[in-house]
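[1] model this:
(one chain, ligands or ions: 3)
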Amino acid sequence: MASDNEPESVKRFREYLRIKSVQPKPDYESCVVFLNKQAEELGLPIKVYECVKGKPIVIITWEGKQPELPTVVLNSHMDVVPVFPEEWEYDPFSAERVPIDNGDYKIIARGSQDMKICGSCYLEAVRKLKAQGVKLERTIHIAFVPDEEIGSVDGLEKFVKTEDYAKLNVGFFLDEGIANPGDDLRVFYGERATWWVEFTAIGNAGHGSQFIENTVGEKIVPFMNRMLDIRKEQQDLLNTPKSDGTKRTLGDVTTINLTMLNAGVQANVVPKKASVVFDIRVTPHISLNEFRTKIESLAAEHGLEVNFKQYNDQACVTSTDETNPFWVPFENVLKSFNIGIFKEVFPAGSDSRFIRSQGIPCLGISPLRNLPVLLHDHNEYVRESDFIEGIKLYTSLIPALANAGTK
Ligand SMILES: CSCC[C@H](NC=O)C(=O)O
Ligand SMILES: [Zn+2]
Ligand SMILES: [Zn+2]
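    Numbering: from 1, shown residues only. Ligands and ions are numbered 1, 2, ... in the order given. From the prediction side, this is the model:
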């Protein structure tokens, strides 16, 4: 449905959206081909690192006037989450451009919000700045990374341990945020710890017609109920204002969700084993160790084994005041756009955790405002005007960050 008035930047964005970099078999090869073309058009060097074969970490570098200074990374992940195609109004990988009111368009595609819009805005903003002949002080690295959606094990988690990463000399890391249905720009300065925990009960087996003693059901069900009690407490806390009267957001509380259940072989056989998995996201406002002890004790009380399938013990946050030399220039750009800031803890996981845990400041933003949150949802879209405005925002943010604290 593209028409003649389609800006070149939007054509490039849609080209990126059409690449099926969808889990569990993302087409990273096509992303690399696309990014090579972008780098060539920008006249910038590009490097492709592979900690694991087929999992490229792509870095386009714009060298600054002071390349010895710590650099600024503009990060985005290339992978997107799976779709239920039958729930979509358009093919999620055709990136349809559908007219809406006021001459605007919807760009409908998996990854449009999460987070190809960011990667595309970085590239377009740098394209504009280069065309204007701008020279920045610090070096900028535009990073496109794999596998964020499945925990980054073969992506940033490995890359940050390499000499190649150390050589980037990262001083500030800009990463993903979440759209805001309201007016402000949500600025994420930390994230909750992601724990995927499996609890296993072992009990006596036997015929389903009997009162067998000490069965898995008796052990695991009361435990699950206790976990759901904690869940309810946290849900209530979310709906209680903070002491200063402001609203709590998801990042301020701990969520617990039962995501997997596994037991049984046959309807009339009491099984000897049952397990339950909870997806737990722990707010950095509480002690992670204390909370871990709490759920481990609860499991022990119910005679369950505990296995952390995913565990983070870091609750690092980035300061959002003048102690962070990148904060003030960042805030000033938003003021100049007349955009309000809402500071938050990221409710899910993002690649920022690997960088924050090294003590490097990271902020996560999405340029999307006054738009429904559709990440991981059906019919994910952005408005064309969001993309164009996003490019403008990053065109101001990038020099502000690259020149922060320099002479
Ligand atoms: C900590 S690994 C998990 C990362 C994943 N990220 C986006 O959805 C998430 O489930 O939050
Ligand atoms: Zn994301
Ligand atoms: Zn995601």
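[2] around ligand 1, pick out the residues from the stretch 201-350 of the chain.
    310, 348-349 (Cβ under 6 Å from any ligand atom). Any C-beta I mention is one placed from the backbone N, CA and C, and that applies to glycine too.
[3] please, where are all the strands along the stretch 251-400 of the chain?
    255-263, 269-270, 273-282, 305-310, 341-346, 362-365, 381-383 (DSSP state E, counting those that start in this stretch).
[4] mind putting those in JSON lines, mean pLDDT and mean neighbour count included?
    Shown next, in JSON lines, are these (pLDDT from 0 to 100; neighbours: other Cβ atoms under 10 Å):
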{"stretch": "strand 255-263", "mean pLDDT": "97", "mean neighbour count": "14"}
{"stretch": "strand 269-270", "mean pLDDT": "98", "mean neighbour count": "16"}
{"stretch": "strand 273-282", "mean pLDDT": "98", "mean neighbour count": "20"}
{"stretch": "strand 305-310", "mean pLDDT": "97", "mean neighbour count": "13"}
{"stretch": "strand 341-346", "mean pLDDT": "97", "mean neighbour count": "18"}
{"stretch": "strand 362-365", "mean pLDDT": "98", "mean neighbour count": "25"}
{"stretch": "strand 381-383", "mean pLDDT": "98", "mean neighbour count": "22"}
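[5] columns distance to Glu296 on top of the ones you listed, output as CSV?
    Listed next are these as CSV, based on distance: least, Cβ to Cβ, whole Å:
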stretch, distance to Glu296
strand 255-263, 14
strand 269-270, 27
strand 273-282, 12
strand 305-310, 6
strand 341-346, 24
strand 362-365, 30
strand 381-383, 42
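[6] would you turn the ones you listed into TSV with distance to ligand 2?
    Below are the strands of the stretch 251-400 of the chain laid out as TSV (distance: least, Cβ to the ion, whole Å):
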stretch	distance to ligand 2
strand 255-263	18
strand 269-270	43
strand 273-282	15
strand 305-310	16
strand 341-346	10
strand 362-365	9
strand 381-383	14
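[7] so which of those strands comes closest to Thr71?
    Of all the strands of the stretch 251-400 of the chain, the one in closest proximity to Thr71, counting by Cβ to Cβ, is strand 362-365 (13.4 Å).
[8] neighbours of the closest residue to ligand 2 within the stretch 151-300 of the chain, how many?
    Closest contact between the stretch 151-300 of the chain and ligand 2, by Cβ to the ion, is at Glu176 (4.7 Å). Per other Cβ atoms under 10 Å, the neighbour tally for Glu176 reads 24.
[9] just His378 next, same as before
    What His378 shows, counting by other Cβ under 10 Å, is a neighbour count of 14.
[10] got the phi and psi for Lys37?
    Main-chain dihedrals, Lys37, degrees, to the nearest 10: phi -70, psi -40.
[11] and the pLDDT for it?
    We note a pLDDT of 98 for Lys37 in this prediction.
[12] what count of nearby residues applies to it?
    As a burial measure, Lys37 scores 13 neighbours (other Cβ under 10 Å).
[13] ok, Asn5 next?
    Neighbours of Asn5 under the rule other Cβ under 10 Å: 8.
[14] contacts only, for the residue of the stretch 151-300 of the chain closest to ligand 2.
    75-77, 114-115, 118, 350-351, 364-366 (Cβ atoms under 8 Å, 6 or more residues apart in numbering).
[15] out of those residues, which sit inside helices?
    Secondary structure from DSSP state H places Cys118 of the contacts of Glu176 in helices.
[16] show me what the residue of the stretch 151-300 of the chain closest to ligand 2 bridges to in the sheet.
    Ile365 (DSSP bridges).
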